[in-house]
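K.L.:
A structural model of the following input is requested.
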Amino acid sequence: MYGKWRWVWGFGVSLAIYCTASVSGAHLNPAVTVAFALLRGFPWAWVVPYAIAQLLGAVLAGCVVAASFWPFLLRFEAERGLQRGAPGSEAVAMVFGEYFPNPALFGTGAAAQALVSPLAATLVEGFGTAVLAFVIFALTDPGNRAAPKANLAPFFIGFTVAVLISLFAPITQAGWNPARDLGPRLVAFALGWGEIAIPGPRWGFLAYIAGPLLGAPLGGWLYGALLGTRTTTGKLPGEHHDWIGNGKGKRTGGIQRQAAGTISLYRQLGAVTDGGGAVALGRRTVV
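P.N.:
Predicted coordinates for the structure are as follows:
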């Protein structure tokens, strides 16, 4: 199953980045947003609004899933004699939030739960998110000469997600994103899964929040410590961080690049605006 669908997830992430990078920098993951605030100068004042938007988007996605597949979920429950909100109903609730180990592969009984502890699930989610953040920081480092061009970075970020799903989906369903898990869980909770959704068996939903929020900053920090091209001041060569005007009487956060060409503003959010007002994907796109 995951051999087929992992690529759908990967391309889905890539498409989302391509669609939103020029507007918001494609901040789709609150864990990565926190990592960029800690390590790349993303404004802390924007972290909470972004996290709220990310969570609301995930809730909306959960509602779309419920509306689209509801008859099929009802049939699945009926065929397997599952009572919504009772132990075992994770087999249906997993279309909204993640569970460990993967209920579709190992079931939901005590023997399955013995395979993966809450701590192990948290560590797996933290490790996977750290790898994702490491790759994102590498791909969005303007000083990394080996990185692909900006318009290819979203593809490789999505490819990284697909690879991580291939490896770890059997263990934790491979969340890597607190909003992606919590938002649909709230929908499942409201639709009758109750404690199976939140907090989940063994308070499992915490693994999908704590793991990524710890892992993403760690992965970003490891990239900077081991391979990053930043100077000792934390700034890239030829850049200075400042609050600068956007030419319309407003002040916006950004990075003024000291480089040849027509680029006038390289916004921290990931958009590059040239002198003619055209917008293209930037190297600070994040997921």
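
K.L.:
so where do the strands sit in the protein?
P.N.:
239-245, 251-257, 263-266, 271-274, 279-281 (DSSP state E).

K.L.:
worst average pLDDT in the ones you listed?
P.N.:
Mean pLDDT per stretch puts strand 263-266 lowest among the strands of the chain, at a mean of 29.

K.L.:
quick check: the closest residue to residue 209 other than its chain neighbours vs residue 62, distance?
P.N.:
Nearest residue to residue 209 in three dimensions, chain neighbours excluded: residue 178, at 4.6 Å (C-beta to C-beta, 6 or more residues apart in numbering). Where C-beta positions appear, they are placed from N, C-alpha and C, glycine not excepted. Distance of residue 178 to residue 62, computed by C-beta to C-beta, to the nearest Å: 14 Å.

K.L.:
okay, the two: which has more neighbours?
P.N.:
residue 178 (26 against 23; other C-beta atoms under 10 Å).

K.L.:
and that one, what does it touch?
P.N.:
29, 30, 31, 208, 209, 212, 213 (C-beta atoms under 8 Å, 6 or more residues apart in numbering).

K.L.:
from those, which land in helices?
P.N.:
Residues of those located in helices (DSSP state H): 30, 31, 208, 209, 212, 213.

K.L.:
lowest-pLDDT helix or strand in the chain?
P.N.:
strand 263-266 (a mean of 29; mean pLDDT, DSSP states H and E).

K.L.:
how is the protein carved up into domains?
P.N.:
Domains of the chain are assigned by automatic domain parsing as 2-226, 239-281.

K.L.:
how many residues are close by residue 164?
P.N.:
21.

K.L.:
remind me which residues of this protein are low pLDDT?
P.N.:
Low-confidence segments of the chain, defined by pLDDT under 70, are located at 1-5, 230-287.

K.L.:
biggest helix in it, by residue count?
P.N.:
Assigned via DSSP H, the chain shows its longest helix as helix 47-80.

K.L.:
quick one on the thing from earlier: the ones in helices among the contacts of residue 178 into a markdown table, with extra columns for neighbour count and distance to residue 185?
P.N.:
Formatted as a markdown table, those follow (neighbours: other C-beta atoms under 10 Å; distance: C-beta to C-beta, whole Å):
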| residue | neighbour count | distance to residue 185 |
| --- | --- | --- |
| 30 | 26 | 15 |
| 31 | 31 | 16 |
| 208 | 29 | 9 |
| 209 | 19 | 10 |
| 212 | 31 | 14 |
| 213 | 17 | 16 |
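
K.L.:
just give me the closest of those to residue 127.
P.N.:
residue 212 (10.2 Å; C-beta to C-beta).
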